[in-house]
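Trainee: coords please:
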Amino acid sequence: MGEEASKPASAPTGAVFLSYASQDAEAAERICDGLRAAGIEVWFDRSELRGGDAWDRSIRKQIRCALFVPIISKQHDVLSHGFYFFRRYREAAAAATEAINLDPGYTEAYGDRGFAEYGSGDFERARSSCAATPDFWFNQWCLAVVYDKLGRHAEADAELAKLQAAYGDAEAYPYATIYAQWGNTPKALEWLEIAMRLRDSGLVYLKRIRSWIPCARSCALKQ
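Mentor: This next block holds a predicted model:
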């Protein structure tokens, strides 16, 4: 009996091995349920690994006999970021779209796709993507710049006001980029200085996407 319980769970040859990051567990479970409902064999570690299993050995064995290993949304979104920083905006938008297709509830990916479309100059597609999940702070940031480009200035002001009401000075770097994209250099520099004083984590992106704050050169940045 004890010997039987200690044997690693196994999947039938040709089964789908479902790999996912911990933050994507719920999305992975939905994919697992959908595949099983379609009559496809799935090896899913949340249900297949038991206490006492040799986890690493068991997982490696299932990968060897798996038909394929799906990639969950977060990996596509990370790929989208990489393309974005290299200004490969179409590819960034495509990667974010894949993340959304895998997990429609992954709100950040809509903003990532929106910013990628913004970078490529397609402001209407950018608006459509960011407006799909408008209550998420990242997408409000996106909408604040996109609405301005579309000439919808009152709506751009409203999105910035939402961010400031919710976060105060804590999102100083996004405010600086918004004002810079609006062409308001004094306000952009004012918020950039606040971001520096508060050591806003967003400043790590300043070198990579300096075009977002062209006026930054006139500020004594030693990032």
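
Trainee: domains for this protein, by residue range?
Mentor: Residue ranges for the domains of the chain, per automatic domain parsing: 11-65, 72-133, 136-223.

Trainee: buried deepest among these, which one?
Mentor: Mean neighbour counts were taken over those using mean count of other C-beta atoms under 10 Å, and the top value, a mean of 20, falls to domain 72-133. Yep, even glycine has a C-beta here, placed from its N, CA and C like the rest.

Trainee: check contacts around Leu150.
Mentor: Phe123, Glu124, Arg127 (C-beta atoms under 8 Å, 6 or more residues apart in numbering).

Trainee: tell me the phi and psi of it?
Mentor: Main-chain torsions, Leu150, degrees, to the nearest 10: phi -90, psi 0.

Trainee: mind putting the domains of the chain into TSV with mean pLDDT?
Mentor: Formatted as TSV, those follow (pLDDT from 0 to 100):
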stretch	mean pLDDT
domain 11-65	62
domain 72-133	89
domain 136-223	86
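
Trainee: phi and psi next, for Glu41.
Mentor: phi -70, psi 130.

Trainee: one more: Gly183?
Mentor: Phi and psi for Gly183, reported as degrees, to the nearest 10, are phi 90, psi 10.

Trainee: so who does it touch?
Mentor: Contacts of Gly183 (C-beta under 8 Å, 6+ apart): none.

Trainee: quick check: it vs Ala176, distance?
Mentor: 13 Å (C-beta to C-beta, to the nearest Å).

Trainee: residue ranges of the helices in this protein, please?
Mentor: 2-6, 25-37, 45-48, 55-65, 73-85, 89-102, 107-120, 123-130, 137-149, 153-167, 172-182, 185-197 (DSSP state H).

Trainee: how close does Asp200 get to Gln164?
Mentor: For Asp200 relative to Gln164 (C-beta to C-beta), the value is 14 Å.

Trainee: please apply the same query to Ala156.
Mentor: From Ala156 to Gln164 the distance is 13 Å (C-beta to C-beta).

Trainee: then Tyr106?
Mentor: For Tyr106, the distance to Gln164 equals 26 Å [C-beta to C-beta].

Trainee: then His81?
Mentor: Distance, His81 to Gln164, using C-beta to C-beta: 25 Å.

Trainee: try Leu206
Mentor: Here Leu206 is placed at a distance of 20 Å from Gln164 (C-beta to C-beta).

Trainee: picking that back up, need the helices of the chain in CSV with distance to Val16, can you?
Mentor: What follows is the helices of the chain, written out as CSV (distance: least, C-beta to C-beta, whole Å):
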stretch, distance to Val16
helix 2-6, 25
helix 25-37, 6
helix 45-48, 12
helix 55-65, 10
helix 73-85, 17
helix 89-102, 14
helix 107-120, 23
helix 123-130, 30
helix 137-149, 32
helix 153-167, 41
helix 172-182, 40
helix 185-197, 45
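
Trainee: contacts only, for Leu163.
Mentor: Trp137, Gln140, Trp141, Ala144, Glu171, Pro174, Tyr175.

Trainee: quick one, what contacts the fifth one?
Mentor: For Glu171, the contact set (C-beta under 8 Å, 6+ apart) comprises Trp137, Trp141, Leu163, Gln164, Asp200, Gly202.
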